[in-house]
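[1] Provided below are the primary sequence and the corresponding predicted coordinates.
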Amino acid sequence: MIEDSRLIELKGVSRTFGDTPALKNINLYIRKREFVTLLGPSGCGKTTMLRIIGGFEHADEGQVLFEGRDIANVPPYKRRINTVFQKYALFTHLNVYDNIAFGLNLRKVPKDEIARRVGRMLKLVKMEGY
C-alpha cells in the first residue's frame, strides 16, 4: 500500500478498562475514498475503536494518525473526522440542515461551501428542504 494514500491509520492501538482489554495491538489502515465497515459481536471493541479515532477516548498504547499526523492530542471538535453516534446526538434546538452544517461551521468553512455540501448530503438521503 502506498503510504501517502492512508487517511486514517492505527498503529498498535490498545485500550483497557480496568482488567478488561477492549482493544489489543490493533493495526488498521483506511485509505482515502475507502469505505470500511466494522462488524463484530457486542463488546468486541468496535465502539471503543471509533471513539479513539474520534478523540472521545484515548488509547493506552499505540498511535492514531490522520493524513500521517498523530492526532492523540487533537480534541474531537478540531479533528477532520465525524462521528455518527448509535444513540442520536442531534441538537434538538437546530433543524436538520443546521445539525448537518454544525461541524462545518465550527471549522469556519465558507457559507457557500457549507450550503453546497449540506445540500448534497440532503439530496443523497432524499431530504431536500429540511
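    In hand now; what should we look at? These figures come from a predicted structure and were not determined experimentally.
[2] Verify the contact between residue 32 and residue 7 for me.
    Yes - contact criterion CB atoms under 8 Å: residue 32 and residue 7 qualify, at 4.8 Å. In this view, the C-beta of every residue, glycine as well, is placed from N, C-alpha and C.
[3] Let me see the ranges of the helices in this structure.
    46-54, 96-106, 111-124 (DSSP state H).
[4] The shortest one packs against which elements?
    The reference is to helix 46-54. Counting contacts by 3 or more CB pairs under 8 Å, 6 or more residues apart in numbering; DSSP states H and E, helix 46-54 packs against strand 6-17, strand 20-31.
[5] highest average neighbour count across those?
    strand 6-17 (a mean of 17; mean count of other CB atoms under 10 Å).
[6] tell me what that one is packed against?
    Secondary-structure packing of strand 6-17 (3+ CB pairs under 8 Å, 6+ apart): strand 20-31, helix 46-54, strand 61-66.
[7] I'd like to know which of those is closest to residue 128.
    Set against residue 128 and scored by CB to CB, the helices and strands packed on strand 6-17 come closest in helix 46-54, at 28.2 Å.
[8] pLDDT weak spots in this protein?
    In the predicted model, the chain carries pLDDT under 70 at residues 1-4, 84-88.
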